[in-house]
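Enquirer: Predicted model, plus sequence, below.
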Amino acid sequence: MTRSRIILPAVFVSALLLPMLSHAQNACVDDADCRGGKLCQGASCVRVARDQSVLRVRTATPPPGMAYLYLDEVPVGVLPFEGIVAAGSHAIRIECQGMLPMMFQGESRGGMADTIDVELQLDPALYAPPTPVAQPGYGQPGPSAQNEEPPIGRIHAGLYGGAGFGTAGWGDGPKRPATILQGGLTAGVAALREPIWIDIGLGISSTSIRIEDWADDFGKFLKLNIGLLVRLLFPLKEDFFYIGAELEPGYGLSNRRYGYAQLHLAMSLFITDWLELRINPLGVEYCQELTFKGYVFTGNATIGLIFRFGAF
């Protein structure tokens with residue numbers, strides 16, 4: 001009985017001490033504390049399979065906030081990070097508020113531990129000092145004058161067309177009804193923008209004129225117009241809707257020689273900073289034949305799309 005009493009306490013003490021000794025042997029601070037091919041992971045020595053590895057990602061300088069780690073675009077934790085990952089190549093991304101994001105490719109070796117030290121950089125867009133603004137003084141232009149665009153030099157080009165109806169006369173003959181169809185192009189520059197808008201350009205168009213009940217020689221013909229085009233506009237809504245007048249004097253060619261002049265009520269819609277819609281809803285054209293003193297006088301309307309190059 002005495003011997004049994006001694007053995008039982010010994011077994012009881014061993015049952016208590018063995019787990020403690022085993023835990024003490026498994027406890028670690030780094031990989032050097034582990035034996036038998038084990039690695040230190042989470043303060044314990046563990047055996048890592050050949051297709052896995054221990055990944056450690058640390059920052060030399062503590063970031064101002066939480067630094068999040070993404071492995072192959074999957075969030076896995078915050079820095080400092082230590083965990084078991086699949087062996088092989090991984091896309092690593094680190095994000096932290098106020099810091100520039102960091103992206104790189106990392107390689108983890110099977111059955112081993114890999115430690116990556118990173119240094120996050122401050123985002124200059126968030127920490128850049130404010131730009132000082134100079135206050136206007138004597139002899140110094142204010143901000144509006146400094147940023148004001150030059151009033152000249154905006155080039156434009158576009159297409160336009162229209163139709164009209166009027167009357168025609170030729171020598172001593174009777175006056176006859178006349179119809180016209182016109183299409184052409186214009187190009188020029190903005191000579192002035194404020195307070196009024198003045199465009200100066202060149203207009204080239206082809207005009208088909210039909211005079212009813214006249215001889216075949218004069219009943220229907222084409223006229224090529226080449227003339228100066230001046231457009232004077234006043235703003236109803238700044239940088240969008242303008243109204244004014246358009247004048248185009250010029251010279252015409254066909255089987256006869258002509259001088260002509262057109263005067264229109266003009267409207268412009270600036271749809272974008274490069275596209276203008278021109279509408280001339282009401283206008284008159286006088287065409288004078290220079291040799292036989294024939295004339296054509298019509299009322300007409302035109303519409304066109306104008307493209308502008310450079311700043312509006």
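Expert: Looks like it came in fine. Numbers count the residues shown, from 1 in each chain.

Enquirer: which SS class is residue 32?
Expert: helix (DSSP: H, G, I helix; E, B strand; the rest coil).

Enquirer: pull the helix or strand with minimum mean pLDDT from this structure.
Expert: helix 143-147 (a mean of 43; mean pLDDT, DSSP states H and E).

Enquirer: next helix or strand past it?
Expert: Under the assignment DSSP states H and E, the closest C-terminal helix or strand after helix 143-147 is strand 154-169.

Enquirer: Now do that next one, average pLDDT.
Expert: Throughout strand 154-169, pLDDT has a mean value of 88.

Enquirer: Could you tell me which residues within that strand count as buried?
Expert: 154, 156, 158, 160, 162, 164, 166, 168-169 (16 or more other CB atoms under 10 Å). All C-beta atoms are positioned from the backbone trio N, CA, C, and that covers glycine.

Enquirer: how about the helices of the stretch 1-150 of the chain, start to end?
Expert: With DSSP state H, counting those that start in this stretch as the criterion, the stretch 1-150 of the chain has helices at 2-26, 124-127, 143-147.

Enquirer: where are the low-confidence patches of the stretch 151-300 of the chain?
Expert: Where the stretch 151-300 of the chain drops to pLDDT under 70, the residues are 151-153, 171, 213-221, 255.

Enquirer: Which residue ranges of it form strands?
Expert: 154-169, 176-192, 197-211, 220-237, 241-253, 257-270, 275-289, 295-309 (DSSP state E, counting those that start in this stretch).

Enquirer: give the contact list for the nearest residue to residue 236 once chain neighbours are set aside.
Expert: Counting by CB to CB, 6 or more residues apart in numbering, residue 236 lies nearest to residue 243, which is 5.8 Å off, once chain neighbours are set aside. Each residue near residue 243 by CB atoms under 8 Å, 6 or more residues apart in numbering is listed here: 233-234, 236, 265-268.

Enquirer: what bridges to residue 243?
Expert: Beta-bridge partners for residue 243, by DSSP bridges, are residue 234, residue 267.

Enquirer: likewise residue 302?
Expert: Residue 302 forms beta bridges with residue 162, residue 280, as assigned by DSSP bridges.

Enquirer: Wait, it touches residue 284, no?
Expert: No: the pair residue 302 / residue 284 is not scored as a contact, 12.0 Å apart, by CB atoms under 8 Å.

Enquirer: What degree of burial does residue 283 show, as a neighbour count?
Expert: 21 (other CB atoms under 10 Å).

Enquirer: I'd like the distance between the closest residue to residue 264 other than its chain neighbours and residue 233.
Expert: Spatially, and ignoring its direct neighbours in sequence, residue 264 is nearest to residue 283 (3.2 Å; CB to CB, 6+ apart). From residue 283 across to residue 233, the span is 15 Å (CB to CB, to the nearest Å).

Enquirer: and the gap between the residue nearest to residue 306 when sequence neighbours are not counted and residue 59?
Expert: Once flanking residues are discounted, residue 306 sits nearest to residue 158: 3.5 Å by CB to CB, 6+ apart. From residue 158 across to residue 59, the span is 60 Å (CB to CB).

Enquirer: Residue 185 now?
Expert: Distance from residue 185 to residue 59, by CB to CB: 65 Å.

Enquirer: Then residue 279?
Expert: Counting by CB to CB, the separation of residue 279 from residue 59 is 65 Å.

Enquirer: higher neighbour count, those two?
Expert: Per other CB under 10 Å, whichever of residue 279 and residue 59 has more neighbours is residue 59, with 19 against 16.

Enquirer: Okay, and the beta partners of that one?
Expert: residue 118.

Enquirer: right, and it touches residue 81 too?
Expert: No: in this structure, residue 59 is not within contact of residue 81 by CB under 8 Å, at 9.9 Å.

Enquirer: Check residue 20 and give its pLDDT.
Expert: Note on residue 20: pLDDT of 49.

Enquirer: ok, now the one 4 residues further on?
Expert: pLDDT, the model's per-residue confidence, is 52 for residue 24.
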